[in-house]
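> please work out how this folds:
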Amino acid sequence: MRALTFDKTLSFDARRADPIADDGDTLIKVRQAGICSTDLEITKGYMGFHGVLGHEFVGEVVSSPNKDLVGQRVVGEINIVCGRCDLCLSGLSTHCRNRTVLGILNHDGAFADFVRLPESNLHVVPKTVDDDSAVFVEPLAAAFQILKQIKLDGRKWVTVLGDGRLGLLVAQVLRNAGCPVRVIGKHPEKLTLCEKWSIRSRPLEDIQPRHDQDVVVDCTGSAGGFELAMQMVRPRGTIVLKSTFAAGKPLNLAPLVIDEIQVIGSRCGAFKEAIRALTEKQVDVASLIHRRMKIEQGVEAMNLAGRPGVLKVLLTME
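Just a heads-up that it's a prediction; the model follows:
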């Protein structure tokens, strides 16, 4: 099969072996996949991963222990868990001690013709949700996770740092939850989208941090974003950290102690909520698509996705 792989260097492999499904696994023919910041960070050394990249995808089931799934369009949760460890049994299966993670940790991902996942990870995509939208289910679910982790109401001032792919999804989810949210970013064309969605925005260059925000959600994917979040959040406020990035310079964490800041790491979320939001057209994802490219153009697509100002780049397998 064709695949985009990383093993110290990024390359397109036209003859990679098809994935061999373990007992109980479902084999999926990938239709389309999305490049996200985590994929880019992996190529910088994040997680020490090697293999097929990619975890945002929509595909068609080829074979499965559940015959009703065959032929269905599906999206897949990225954590492959054991179901037996103490964390799984306590309801924290996304933190399974034995987990692998699709395209991120010890499990080949979706930038390929085929991918395998347990049936329990899969969600059928409604016919009213097209492939372009379905690719956004995984990152949109991650945006919804914030609402499960912190209590927000219309009296809290919330800033989203970062006008990239995830930041713009988070902003829409928080807006729909009734939060007075604003987005801080570097790219005028992205901030224009916020105006279209009735979300306040400000250029980063105009910001003077005043330690006055109740909640700051860091979606920058950089250590500098977290440092700015510490300067913006009020004493005893909350920073929600959505960023994942390769290790860089050490961070000065003293402000967290001095201002008694609560830091909440936020990762995966509920796919059902994301699918419902897309079905009901509560979130605009079409405006986030920058370009579609073929899997054979995968290296070029990754380079494009890493350029400033570029939003979602999609890989098609057709």
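
> every contact and neighbour count from this point should use C-alpha atoms.
Noted.

> for this protein, which residues score under the pLDDT cut-off?
247 (pLDDT under 70).

> do you know how far the residue positioned nearest the centre of it is from residue 157?
Residue closest to the mean C-alpha point of the chain, counted by C-alpha atoms, centre = their mean, is residue 139 at 3.4 Å. Distance, residue 139 to residue 157, using C-alpha to C-alpha, to the nearest Å: 23 Å.

> likewise residue 119?
40 Å.

> and what of residue 107?
39 Å.

> looking at the two, which is more packed in?
Between residue 107 and residue 157, counting by other C-alpha atoms under 10 Å, residue 107 is the more crowded of the two (22 against 17).

> identify the residues contacting the more buried one.
51, 100-101 (C-alpha atoms under 8 Å, 6 or more residues apart in numbering).

> likewise residue 229?
161, 216-218, 239.

> any idea whether residue 303 is helix, strand or coil?
helix (DSSP: H, G, I helix; E, B strand; the rest coil).

> and it, how far from residue 223?
Between residue 303 and residue 223 the distance is 21 Å, computed by C-alpha to C-alpha.

> residue 94 too?
Residue 94 is 25 Å from residue 223, by C-alpha to C-alpha.

> same check, this time on residue 45
15 Å.

> quick one: neighbours of residue 24, just the number.
Per other C-alpha under 10 Å, the neighbour tally for residue 24 reads 13.

> ok, it touching residue 118?
Yes. Contact criterion C-alpha atoms under 8 Å: residue 24 and residue 118 qualify, at 6.2 Å.

> A strand includes residue 132, no?
No. Assessed with three-state DSSP, residue 132 is helix; it does not lie in a strand.

> that one and residue 288 touch, don't they?
No. Residue 132 lies out of contact with residue 288 (C-alpha under 8 Å); the separation is 10.2 Å.

> who touches both of these two?
With C-alpha under 8 Å, 6+ apart, residue 132 and residue 288 have no common neighbours.

> check contacts around residue 221.
37, 242-245.

> quick check: closest non-adjacent residue to it.
Closest residue to residue 221 in three dimensions, ignoring its sequence neighbours and counting by C-alpha to C-alpha, 6 or more residues apart in numbering: residue 243, at 4.4 Å.

> which helix or strand contains the one you found?
Counting by DSSP states H and E, there is no helix or strand that carries residue 243.

> now do it against residue 59, distance only.
Counting by C-alpha to C-alpha, the gap from residue 243 to residue 59 is 27 Å.
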